[in-house]
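Trainee: output the structure for:
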Amino acid sequence: MLAEKFQKTITDLGMEQLEHPLFYHAPVGIRFEIGGEEPIYLDRSAAKLRTNPAYVQGALNRAAAIYRALPEVPDLLRIDGYPVEEPAESLLTVIRQRMGLPVPNEQLPAIEMDEDGDTHAQVQFYWDLSGITFQPEQLLQEIILGDIGGWSGFVSSVYLTGPGPFLYHLYDDRGLDVLGSSRELLLPLYHQFHGWILEYNLEQIDRVFTADQPQRQKFTIDGRRFSNMAGFYDEVERVFTFGLDRKIGRNLNAFNDILRGGFGRHEYGQPIHIQWLAYEKSVRNLGKETMDTIVEIILDTDHSGHDCTLEQL
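Mentor: So this is what the prediction gives:
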């Protein structure tokens with residue numbers, strides 16, 4: 001049963017039960033800040049507040065980027081409803097209409113205890129994502145809009161889990177928790193999105209993820225310095241090589257080789273950390289597909305032999 005599978009995930013994450021705020025009840029987790037610097041509303045003085053599309057898109061970009069970088073593709077979705085003013089079936093109708101989801105594989109009544117010790121009637125809906133067409137960005141956008149002009153039923157009520165195990169919980173437009181069964185499982189997320197970690201929890205999270213880690217030489221790719229692949233290869237040559245009597249190859253295979261080291265900047269096989277400035281600009285300039293490939297090379301998803309972490313700034 002999916003409910004039993006979900007509970008096993010919670011147990012494997014070091015918790016007895018699902019308890020909010022999730023980040024503070026799990027041994028290993030990262031809390032990310034999702035809302036960017038754009039104002040939430042276009043004009044706060046207006047009689048009716050209008051949500052700022054740039055704020056929503058910025059939050060969605062962050063939430064979706066972290067989702068795509070999860071250790072595995074999530075295979076289980078749980079959405080909780082609270083049938084206080086309308087029956088569970090009415091809640092499910094709204095959820096399915098907004099998300100285009102089929103009938104859930106499982107539906108269970110439950111009692112939830114909140115942070116103040118008060119109990120509330122709850123219904124848990126479960127979907128096996130391996131057997132349906134699922135559009136994660138649509139769901140993420142619905143959650144982001146929940147407190148700022150959308151339907152509030154998705155706020156703090158949606159959980160995605162996958163092998164590892166891990167749990168992904170975007171609770172509203174402001175924040176996102178990712179929990180893992182081990183530090184090693186979430187270490188790539190920690191490095192890749194370090195600049196998005198909620199500042200309030202940064203020191204605590206750094207202590208968890210930097211203990212006993214090898215010292216890495218840091219390099220900075222500056223996305224402001226180029227707008228096409230030719231410029232990217234020039235930047236790679238500037239950053240990672242020194243004293244060569246030849247030009248580096250202008251292709252991604254050569255880039256992969258350079259990351260291993262031995263080109264004048266770091267020793268062959270030495271662990272390195274890349275900070276990519278103006279990362280979103282590079283996505284716009286080079287294209288999402290190309291950037292996804294570059295990130296896969298940096299993180300060595302095919303185990304070609306280098307030890308590299310990435311931080312998107």
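Trainee: okay, and residue 62 sits in which element?
Mentor: helix 53-68 (DSSP states H and E).
Trainee: just checking, what packs against that helix?
Mentor: helix 136-145, strand 166-170, strand 175-180 (3 or more C-beta pairs under 8 Å, 6 or more residues apart in numbering; DSSP states H and E). (Glycine included, C-beta is placed from N, CA and C.)
Trainee: and residue 259, how far is that from residue 266?
Mentor: 9 Å (C-beta to C-beta, to the nearest Å).
Trainee: who touches both of the two?
Mentor: 240, 272 (C-beta atoms under 8 Å, 6 or more residues apart in numbering).
Trainee: and the helices in the stretch 101-250 of the chain?
Mentor: Taking DSSP state H, counting those that start in this stretch as the test, the helices found in the stretch 101-250 of the chain are 136-145, 183-192, 199-210, 229-240.
Trainee: what average pLDDT does the next helix or strand after the last one get?
Mentor: Think helix 229-240. Sequence order places helix 252-259 as the next helix or strand after helix 229-240, per DSSP H and E. Averaging pLDDT along helix 252-259 gives 95.
Trainee: which strands or helices does helix 252-259 pack on?
Mentor: helix 229-240, helix 288-298.
Trainee: that one vs helix 229-240, what angle?
Mentor: 10 degrees (axes from the mean of the first three to the mean of the last three C-alpha atoms, to 10 degrees).
Trainee: the very next helix or strand once past helix 252-259 pairs with which strands, and in what direction?
Mentor: Proceeding N to C from helix 252-259, the next assigned helix or strand is strand 272-277, under DSSP H and E. The strands that strand 272-277 pairs with in its sheet are strand 217-222 (parallel), strand 308-312 (parallel) (by DSSP bridges).
Trainee: most tightly packed of the ones you listed?
Mentor: Of all those, strand 308-312 carries the top mean neighbour count, a mean of 21, counting by mean count of other C-beta atoms under 10 Å.
Trainee: mind checking how far it is from the chain centre?
Mentor: Its chain's C-alpha centre and that of strand 308-312 lie 14 Å apart, by C-alpha atoms, centre = their mean, to the nearest Å.
Trainee: got the contact list for it?
Mentor: With C-beta under 8 Å, 6+ apart, strand 308-312 has contacts from 65, 187-188, 191-196, 216, 259, 271-276, 279, 295, 298-300.
Trainee: quick one: average confidence on it?
Mentor: On average, strand 308-312 scores 89.
Trainee: now stretch 210-227
Mentor: Mean predicted lDDT for stretch 210-227 stands at 85.
Trainee: can you list the low-confidence ranges for the stretch 1-150 of the chain?
Mentor: Applying pLDDT under 70 to the stretch 1-150 of the chain picks out residues 46-47, 85, 114-117.
Trainee: what ranges do the strands span in it?
Mentor: Ranges of strands within the stretch 1-150 of the chain are 29-33, 76-81, 106-113, 119-128, based on DSSP state E, counting those that start in this stretch.
Trainee: make JSON lines from the ones you listed and add distance to residue 148 and mean neighbour count to it.
Mentor: Listed next are these as JSON lines, based on distance: least, C-beta to C-beta, whole Å; neighbours: other C-beta atoms under 10 Å:
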{"stretch": "strand 29-33", "distance to residue 148": "16", "mean neighbour count": "23"}
{"stretch": "strand 76-81", "distance to residue 148": "19", "mean neighbour count": "22"}
{"stretch": "strand 106-113", "distance to residue 148": "24", "mean neighbour count": "13"}
{"stretch": "strand 119-128", "distance to residue 148": "23", "mean neighbour count": "17"}
